[in-house]
Every structure is written in C-alpha cells, then in structure tokens.
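Colleague: Compute the structure for the input listed below.
(one chain, ligands or ions: 1)
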Amino acid sequence: MEVIKTIKEMKEFSSQARRAGKTIAFVPTMGFFHDGHLSLMREGRRRCDLLIISLFVNPTQFGPNEDFKNYPRDFERDRKMAEEVGADVLFAPEASDMYPSNHQTIVRVEKVTQNLCGRSRPVHFQGVATVVLMLFEIVTPHAAIFGEKDYQQLVTIQQMVRDLHMRVEVVGMPTVREEDGLAMSSRNRYLLLEERKAALSLYRSLQKAKELLQKGERKAERILHEMKEIFQSEPLVKIDYVQICDAYSLQDVNQIEGDVVVALAAYLGKTRLIDNLIFHAL
Ligand code: PAF
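Modeller: Residues are numbered from 1 along each chain as shown. Next comes the predicted model:
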C-alpha cells in the first residue's frame, strides 16, 4: 500500500489508474478506524480494481465549540489497518494543501441539510459537501462508499452528486454495531464507563421503534413518545433530537408510510452520538 500525502501525487496516481482502465473505489474517512470503516473498505475492495482511502480530519465540518482539536488520531494504527484490508492507497493530505490560504469556495446542499443534525450543527454539512467534492475531484472514484450511520451525510452526498451530475456512484453500507448494539463510532472512545452504559439506551430506543413499526404502528408521535420514555430513565443522556423523517427528503412525517428514517442525536457528557433506523413501511 502506498501512502500519498500531496494532492499533486494523488491526482497523478488516479489519472494514471484511469488511463490504464482501472476502476477506483474510494472510502473517505477522518481516521481512527473501527469495524464500521473496515466494512466500507471491504465493500470498496470487492467492487473495484483499486481501493483508495482518504484520511483527513476536515476542519471545516466542525463548529467552533466542537471536537476538531481533540478528534482521535492515530496514523500508524490506521495505516496498518488500511494495509491489512488490502487498500492500494492511503491518501492523507495536509490541511494547508486542501485549503490554501486563498480558498473561497463552499458547497451548500440546501433542503436535506436543514433538519436533524443541521439544526444544531449549522456549518457541518457544507464542510462535508465541500471536502467530499474536493476529494472526488482529486481521487476521481467510480464508486464511493459511505456508512448509513451518518445517514444525513449519505443523503446530502447523494443529493450533491445528482445535482451536479457527477460521475461517481455513491454506495451506502449498513451501520456496524458493538456486540451490545451501540453503533460503532470513533467518538465512542471518549465515553466514560457510566456514559458507555447509558449510551446503550439510544440503541434500545431504536429497537423499541422497530418493534412498534413492525407491529404496524404508523403514528410518528406515538413511537417518539415511547422512545423518549426510554431516555427519561437515563439521566446521563441529553437528547439533541429524536425524529421520524421521510428517508429521502428528511422532512418530518406524522403518518408513517414508504421509506422512513428514525434518527436521533444525544450528548453523553461532552460526547455527541448519533444513530438511526431505516424502515420500509409497506
Ligand atoms: O464521515 C466522515 O468521516 C466525514 O464526514 C467525511 C465523509 C470523511 C468527510 O470529512
């Protein structure tokens, strides 16, 4: 596996690969890999001739009071894991290369970024869309793999790719969970023991929602009420939002029909976790 640190070299590599007729799968990441990342990488490996992984903790998607500075980083560990999964390139650019001092362009996807996480993280999705567009331009992938845990991110990227007639196929992969059900996240490592225990209530509430949906409940309000009861018994959990939305527009629904996402975000101490359930109502 090659480690590439400059945009120039990465562009040369991808141009050459394309000229040689190779297909490129791309997994953009902010590092500190866990099994969730590995499942995206394996899917990329399976789909294309070449697998390129980017590792870049993107400053523009963090708000001023968020965890950019403390975001977990361990390059050597990530490098080994990417190599073991069979990646061809680990692309780890510098922020000064990605955002030179005169950088002025941002990408804003409108409606799908307003609700859910967009409410409490107003600059987050424009930071994500901007960096992902730049990375697509540098890596020129045929397929790019994202996790469904960041469901609003996945929908935002899909919207951007459609709107800008981009040539990449965006692939979503199911959330990978710890044995007890907690969604894997690089941020789980911030959790203190008691917070880790309390965090399980996020998963429990989604399981409750699933059970109600499977029994035929179609009133969003009733499902949300039962979910909130679960959090009320956990004083360490501070809910940011729990919502049921149309799976494509991400607008709230009252009456559930078609594809919906039950999405939530919560703070455990300073750590903000998100999780969701995608449900196809018949
Ligand atoms: O999901 C992430 O890790 C990031 O938001 C991404 C897609 C790599 C953009 O920085």
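Colleague: any idea how far G31 is from R189?
Modeller: 12 Å (C-beta to C-beta, to the nearest Å). Heads up, the C-betas are built off the backbone N, CA and C, glycines and all.
Colleague: Common neighbours of these two, please.
Modeller: Between them, R189 and G31 share these contacting residues under C-beta atoms under 8 Å, 6 or more residues apart in numbering: P72.
Colleague: Please say which of those two ends up with more neighbours.
Modeller: G31 (23 against 11; other C-beta atoms under 10 Å).
Colleague: Correct me if wrong: that one contacts F75.
Modeller: Yes. Using C-beta atoms under 8 Å, G31 makes contact with F75 at a distance of 7.2 Å.
Colleague: what ranges do the strands span in this protein?
Modeller: For the chain, applying DSSP state E gives strands covering 2-4, 24-29, 50-55, 89-91, 143-147, 169-173, 237-246, 258-268, 271-281.
Colleague: Not counting sequence-adjacent ones, nearest residue to the residue most central in space within the chain?
Modeller: Nearest to the geometric centre of the chain sits D150, at 3.4 Å (C-alpha atoms, centre = their mean). Using C-beta to C-beta, 6 or more residues apart in numbering and skipping the chain neighbours, the partner closest in space to D150 is I274 (7.1 Å).
Colleague: ok, what's across the strand from the one you found?
Modeller: A265 (DSSP bridges).
Colleague: burial count for it?
Modeller: Counted with other C-beta under 10 Å, residues neighbouring I274 total 21.
Colleague: The ligand: which of the strands of the chain is closest?
Modeller: Among those, strand 24-29 comes nearest to the ligand, with 3.9 Å by C-beta to the nearest ligand atom.
Colleague: Give the other helices and strands that that closest one contacts.
Modeller: Contact analysis of strand 24-29 by 3 or more C-beta pairs under 8 Å, 6 or more residues apart in numbering; DSSP states H and E lists helix 7-19, helix 35-47, strand 50-55, helix 124-139, strand 143-147 as its packing neighbours.
Colleague: got a markdown table for those, with mean pLDDT and mean neighbour count too?
Modeller: Shown next, in a markdown table, are the helices and strands packed on strand 24-29 (pLDDT from 0 to 100; neighbours: other C-beta atoms under 10 Å):
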| stretch | mean pLDDT | mean neighbour count |
| --- | --- | --- |
| helix 7-19 | 98 | 15 |
| helix 35-47 | 98 | 19 |
| strand 50-55 | 99 | 25 |
| helix 124-139 | 98 | 21 |
| strand 143-147 | 99 | 23 |
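Colleague: Looking at the ones you listed, which is nearest to the ligand?
Modeller: Comparing the helices and strands packed on strand 24-29 by C-beta to the nearest ligand atom, helix 124-139 comes nearest, at 4.7 Å.
Colleague: For the ligand, give me its nearest residue in the stretch 151-282 of the chain.
Modeller: For the stretch 151-282 of the chain, C-beta to the nearest ligand atom, closest residue to the ligand: Q153, 5.7 Å.
Colleague: residues touching the nearest residue to that residue once chain neighbours are set aside, list them.
Modeller: In this structure, Q153 finds its nearest non-sequential neighbour in V128, 5.7 Å apart by C-beta to C-beta, 6+ apart. Residues near V128 by C-beta under 8 Å, 6+ apart: 58, 61, 153, 156-157.
Colleague: C48 reaches R18, doesn't it?
Modeller: No. Contact between C48 and R18 fails when scored by C-beta under 8 Å: they sit 11.6 Å apart.
Colleague: any common contacting residues for those two?
Modeller: Common neighbours of C48 and R18 (C-beta under 8 Å, 6+ apart) are I24.
Colleague: and the stretch 151-282 of the chain, which of its residues are near the ligand?
Modeller: Contact residues, the stretch 151-282 of the chain versus the ligand (C-beta under 6 Å from any ligand atom): Q153.
Colleague: how about the helices in the stretch 151-282 of the chain?
Modeller: With helices called from DSSP state H, counting those that start in this stretch, the stretch 151-282 of the chain shows them at 151-163, 193-214, 220-232.
Colleague: Please list the outside residues in contact with the last one.
Modeller: Judged by C-beta under 8 Å, 6+ apart, the contacts made with helix 220-232 from elsewhere in the structure are 201, 204-206, 208-209, 212-213, 217, 237, 239, 242-244, 252-256, 262, 264, 266.
Colleague: ditto for stretch 95-109
Modeller: So stretch 95-109 is contacted by 6-7, 56, 58-60, 125-127, 129-131, 133-134, 156, 159-160, 163 (C-beta under 8 Å, 6+ apart).
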